[in-house]
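Asker: Here is the input, now give the coordinates:
(one chain, ligands or ions: 1)
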Amino acid sequence: MKAIEEIPLVDTHEHLQSEEDRIKGPCDPIALFLSHYLSTDFLVAGMEPEDLEKLRNPRVSLEEKWDAFARFWDLCKNTGYGRVLKIALRDLYGESEITLESIKRITSKMKELHKPGFYRHVIKERANIEVCIVDVGRLDVDRELFAPVIRFDDYINLRSIDDLRRIEERSRMSIHSLEDLVKALKASFERAKNLIVGIKTGLAYRRPLFYEKTSFNEAEKAFNRIRGGQGGVLAFDEVKPLQDFLMHKLLSLAESYGLPVQIHTGLQEGTWNKLTNSDPSLLINLFQEYRGVCFDVFHAGYPYSRELGALAKQFPNVYVDLCWMHAISPEAAKRILSEWLDLLPSNKILAFGGDYIFVEGTYGHSRIARENVTMVLSEKVDSGALDIEEAVSIAHRILKENAENLFLKKRPCTSPTLYA
Ligand SMILES: [Zn+2]
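Answerer: As a prediction, the model looks like this:
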C-alpha cells in the first residue's frame, strides 16, 4: 500500500541527543550503536560489562574493539535491535553488512553527515516523520522537529535528603514541609505547562506501578523522615506512602491542565531489573480515578500486551502505544497490532514511537513500523475484514492523527472532537 508509505508520522516517543551534541561528539559508530538496546542484547548474550565499556569508549581504536564487537554482533544480529541497525546502515550509509572495512567507510560517511541539518535530513526527508515527541530532559528543542514532554519523576521518587535537595534546586524553592513540596511541584508544572505536550513517567524502572491513595498524614510522616535526614536512603516501604501521594498530586495537575500522561510499562531496557514492577494492570486504580487524564501506555506493555489491550477496551482514557515495540520484536509488534485492531476502536492505538538516542535507530525503526502496519492492514484487507479505503484511513489514524489529537491538538479524551 503506497498510501501508507506517504503518511508523515507523528512519532510518540524519542530520546534523541541534540543534533549539536551529536555533531560535536566523537564519530565512533560502534560506541554510538551500543549506546543502548543492542548493548543490552550483548550483555544478555554474555558480554562482560567491562568489555562493553571498552566498546563504548571512543578513545579505544576500532581495531582494538573489532574482535569483541564482531563476536557479539554475530550472536545478536537476528534480534529486532540488530534489524533496526541493518536497515539504517543499508539505507543511510549504503552498507549491506557490518565488517571492519564497512565500519571504516561508515565512519567517514558519518563525519561528512555530521553537520547542521543532519537530523532534518534523516527525520523529515528519509523517515518522513513530521514531528517527534521527545523525552530528553530539556525543553529548548528544535520545535520544527520536536515537541517535548517532561518528567516529574524526581519529585515522586524521593528516598533521601539528597533527593530532596535536588528538588529544591530544580524548583528554586526551600522545602521544609510536605505542603512546600506540593507547592514546588505545582510551580515547576506551571513553568513548564505551556512548553510541553505531555508528562512522562518512567518510574516502573524503580518501583511497582501500583500507587495507592494515601492520606496527607501518612505521606507527611515519610516526608518528615526524609527531611530529618537521619535515615540515609530510606527503604521503599517507608517512602511508598509519600511517593504514592505525590503521583496522585501529579495526575490531578495533569487532569486540571488537560495534559496527557505517557507511562512506561512492560520491558525495561538494561539488565537485572524487575519486569513485574511494570505490569500495566497495576495502574487500574489510577485509570479509574483520573478519568480526565489521557493515559498513553507505552511499549505495548510487552509482554503484558494482551492485558493492556483489555484495559484499553474497558477504559475510555487509556491509549495503547507501540513505541519501542517494532524494535523489541518486529514479529511480536505485528501480532499485537493485528490483535488490537480486532479489539479496539482505531482512535485508541498509537502505532509508532522510535525510542532511540541516535537518529539512525529512529530511521530503521520507522521502516519496520511502516512495514508492519502495511502487512497487518494488508492481511485484514485480504481476509475481507477491511476494505482498502478503511485500511488506509486506519493507517493515517494510528501513525499520525491519534498522536496529533492527543498531544499536539490536546483534545481531551472525553471530548467528542477527538473523532473529528
Ligand atoms: Zn523511552
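
Asker: which residues in the stretch 1-150 of the chain form strands?
Answerer: Taking DSSP state E, counting those that start in this stretch as the criterion, the stretch 1-150 of the chain carries its strands at 9-14, 129-134, 146-151.

Asker: can you list those in a markdown table and add mean neighbour count?
Answerer: Using the backbone N, CA and C atoms, a C-beta is placed for each residue, glycine as well. A markdown table is the format used below for the strands of the stretch 1-150 of the chain (neighbours: other Cβ atoms under 10 Å):
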| stretch | mean neighbour count |
| --- | --- |
| strand 9-14 | 26 |
| strand 129-134 | 24 |
| strand 146-151 | 20 |
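
Asker: helices and strands of this structure: which one bottoms out on pLDDT?
Answerer: When the helices and strands of the chain are compared on mean pLDDT, DSSP states H and E, helix 2-5 comes out lowest with a mean of 92.

Asker: neighbours of residue 301, just the number please.
Answerer: 28 (other Cβ atoms under 10 Å).

Asker: mind checking how far it is from residue 233?
Answerer: 30 Å (Cβ to Cβ, to the nearest Å).

Asker: do residue 194 as well
Answerer: For residue 194 relative to residue 233 (Cβ to Cβ), the value is 35 Å.

Asker: Who has more neighbours out of those two?
Answerer: Legend: neighbour count by other Cβ under 10 Å for residue 194 and residue 233, higher for residue 233 (13 against 8).

Asker: so what's the spatially closest residue to that one that is not a sequence neighbour up against?
Answerer: Among residues not flanking residue 233 along the chain, residue 160 sits closest, at 4.6 Å (Cβ to Cβ, 6 or more residues apart in numbering). When contacts are counted by Cβ atoms under 8 Å, 6 or more residues apart in numbering, residue 160 touches 226, 229, 231, 232, 233, 234.

Asker: same check, this time on residue 14
Answerer: Counted by Cβ under 8 Å, 6+ apart, residue 14 has contacts 132, 133, 134, 135, 136, 146, 353, 354, 355, 356, 362.

Asker: could those go into TSV alongside pLDDT and distance to residue 368?
Answerer: Below are those laid out as TSV (pLDDT from 0 to 100; distance: Cβ to Cβ, whole Å):
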residue	pLDDT	distance to residue 368
132	98	16
133	98	19
134	98	20
135	97	21
136	97	23
146	98	22
353	98	12
354	98	10
355	98	12
356	98	12
362	98	11
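
Asker: ok, so of the residues you listed, who is nearest residue 26?
Answerer: residue 356 (18.4 Å; Cβ to Cβ).

Asker: helix/strand/coil for the closest one?
Answerer: coil (DSSP: H, G, I helix; E, B strand; the rest coil).

Asker: State the distance from it to residue 22.
Answerer: For residue 356, the distance to residue 22 - Cβ to Cβ - is 12 Å.

Asker: Kindly report the same for residue 377.
Answerer: 34 Å.

Asker: Which of the contacts of residue 14 sits closest to residue 278?
Answerer: Residue 278 lies nearest to residue 355 out of the contacts of residue 14, by Cβ to Cβ, at 14.7 Å.

Asker: burial count for the closest one?
Answerer: Counted with other Cβ under 10 Å, residue 355 comes out at 26.

Asker: next one: residue 404
Answerer: Residue 404: 16 neighbours (other Cβ under 10 Å).

Asker: I figured it hits residue 12, correct?
Answerer: No: proximity of residue 404 to residue 12 does not meet the contact threshold set by Cβ atoms under 8 Å, at 10.3 Å.

Asker: any low-confidence regions in the stretch 101-250 of the chain?
Answerer: 231 (pLDDT under 70).

Asker: Now do the helices in it.
Answerer: Counting by DSSP state H, counting those that start in this stretch, the stretch 101-250 of the chain has these helices, from start to end: 118-119, 153-156, 161-171, 178-192, 216-228, 236-257.

Asker: and residue 170, how far is that from residue 153?
Answerer: Counting by Cβ to Cβ - residue 170 and residue 153 are separated by 11 Å.

Asker: Between the two, tell me which one has more neighbours.
Answerer: Ranked by neighbour count (other Cβ under 10 Å), residue 170 and residue 153 place residue 153 first, with 19 against 14.

Asker: In contact with the more buried one: list those residues for me.
Answerer: Counted by Cβ under 8 Å, 6+ apart, residue 153 has contacts 201, 202, 203, 206.

Asker: one more time with 10 Å, if that's ok
Answerer: Contacts for residue 153 (Cβ atoms under 10 Å, 6 or more residues apart in numbering) come out as 199, 200, 201, 202, 203, 205, 206, 243, 246, 247, 250, 264.

Asker: any idea which of these is closest to residue 187?
Answerer: Using Cβ to Cβ, residue 250 comes nearest to residue 187 of those, at 13.3 Å.

Asker: so the closest one touches residue 201, yeah?
Answerer: Yes: counting by Cβ atoms under 10 Å, residue 201 is a contact partner of residue 250 at 7.9 Å.

Asker: so what's in contact with these two at the same time?
Answerer: Contact criterion Cβ under 10 Å, 6+ apart; residues shared by residue 250 and residue 201: 152, 153, 156, 261.

Asker: Reformat those residues as JSON lines; add distance to residue 335.
Answerer: Below are the shared contacts of residue 250 and residue 201 laid out as JSON lines (distance: Cβ to Cβ, whole Å):
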{"residue": "152", "distance to residue 335": "34"}
{"residue": "153", "distance to residue 335": "31"}
{"residue": "156", "distance to residue 335": "34"}
{"residue": "261", "distance to residue 335": "27"}
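
Asker: Counting neighbours, what do you get for residue 378?
Answerer: Residue 378: 15 neighbours (other Cβ under 10 Å).

Asker: I'd assumed residue 3 was in contact with it.
Answerer: No: counting by Cβ under 10 Å, residue 378 sits too far from residue 3 to count as a contact (11.6 Å).
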